[in-house]
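> Got a sequence here, can you model it:
(one chain, ligands or ions: 1)
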Amino acid sequence: MDPNKISWKEEQGTRYLVFPPLGEAGLSTHAFTSRPLDLGFGREKREEVLKNRRKVCRVLGMNFLLLTAGEQVHGTKIVKVGEAERGRGALSPEGVIRHVDGFISNVPEVPLTILTADCVPIFILDPVRKAIGLVHAGWRGTLCRMTERVVLMMEEEYGSRPEDLIVALGPSIGPCCYQVGEEVASAFQKQFPEWPSFISFELASEKWTLDLWKANRVQLRKVKVRDDNIVDSRMCTSCHNDIFFSLRRDGSPTGRMMSLMML
Ligand SMILES: [Zn+2]
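Numbering: from 1, shown residues only. Sure thing, here's the model as predicted:
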């Protein structure tokens, strides 16, 4: 599998990114949205956000009333989503599933969503057990190994075998732009002593940089996801001003891209 296999689509004026290897099995629908559509509540008027969500869902063939969202607190809680949770957070930020940064589901027609503006969205498909996972991993989520945890939970709950999983890492802030403080750098060195290579120190700027892509890839490798089943978009949200929002670059408030995935 080509590790850089990504594809842009544009329908009815809505431009979004897909990862063809995730779609090949024909079991799931997924997308990563782009500017100018702001899909997170907070910056724009609520009606505007709902209009944008409806627009994306129409193109993807999803029911926007069923969009399911978590609070995203940079924690480690993962929730198994079924019909009972479906639609939480679709219409208002108050409705989201509390304290959640990761989802798994094996129920069809449950559109899972994650909102990001630099953090890494991770899409997981088990084409054998017919299950999906979606993860929100900023530096905190990456540090507490959210990606690894979600894979392990899919194993436990659905009997997924890591070697069957197809995983995509969506656009997020790249090592080119992601400077972090010494505390964050040393927390990573402590958590991942065996693979320190995704933290580097630039002598010229005297700054630490963090490679979230590599740090999440390392976790996938550890739980035995095959390297050639990982699609890495390697697109930096901060570098691509014209297509993505970036919290680091734009400051707060900025818009949010939405990662969507549904069986
Ligand atoms: Zn960059």
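
> The ion versus the residue nearest the centre of the chain, what's the distance?
Among the residues of the chain, Pro121 comes closest to the average C-alpha position under Cα atoms, centre = their mean, at 1.1 Å. In this structure, Pro121 and the ion are separated by 16 Å, where distance is defined by Cβ to the ion, to the nearest Å. All C-beta atoms are positioned from the backbone trio N, CA, C, and that covers glycine.

> which parts of this structure sit against the ion?
The chain has residues Gly174, Cys176, Cys177, Cys236, Ser238, Cys239 near the ion, with proximity defined as Cβ under 5 Å from the ion.

> ok, for the fourth one, nearest residue in space, not its chain neighbours?
If you skip the residues right next to it in sequence, Cys236 has Gly174 as its closest partner in space, 3.3 Å away by Cβ to Cβ, 6 or more residues apart in numbering.

> so what's that neighbour up against?
Taking Cβ atoms under 8 Å, 6 or more residues apart in numbering as the definition of contact, the neighbours of Gly174 are Asp211, Leu212, Trp213, Arg234, Met235, Cys236, Thr237, Ser238, Cys239.

> Can you spell out which helices and strands pack onto the helix or strand of the chain with the lowest mean pLDDT?
Taking mean pLDDT, DSSP states H and E as the measure, the helix or strand of the chain with the lowest value is strand 199-202, at a mean of 85. Here strand 199-202 is seen to pack against helix 182-191, strand 207-210 when contacts are counted using 3 or more Cβ pairs under 8 Å, 6 or more residues apart in numbering; DSSP states H and E.

> quick one: strands adjacent to it?
strand 207-210 (antiparallel) (DSSP bridges).

> Could I get the CA-only coordinates of the partner strand as PDB?
These are the backbone C-alpha positions of strand 207-210, laid out as PDB (Å, rounded to 0.1, in the frame of the first residue of the first chain):
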ATOM      1  CA  LYS A 207      13.800  24.800  20.400                       C
ATOM      2  CA  TRP A 208      12.400  21.300  20.800                       C
ATOM      3  CA  THR A 209      10.200  20.000  18.000                       C
ATOM      4  CA  LEU A 210       7.700  17.100  18.200                       C
END
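
> okay, Lys190: pLDDT?
With respect to pLDDT, Lys190 scores 89.

> how close does it sit to the ion?
For Lys190, the distance to the ion under the criterion Cβ to the ion works out to 26 Å.

> do Thr147 as well
Between Thr147 and the ion the distance, using Cβ to the ion, works out to 21 Å.

> buried stuff in the helix or strand where that residue lies?
Using DSSP states H and E, Thr147 maps to helix 146-158. Neighbour counts over helix 146-158 (16 or more other Cβ atoms under 10 Å) mark Met146, Thr147, Glu148, Arg149, Val150, Val151, Met153, Met154, Glu155, Glu157, Tyr158 as buried.

> picking up where we left off before, would you list the buried entries among the residues of the chain next to the ion?
Among the residues of the chain next to the ion, those scoring as buried are Gly174, Cys236, Ser238 (criterion: 16+ other Cβ under 10 Å).
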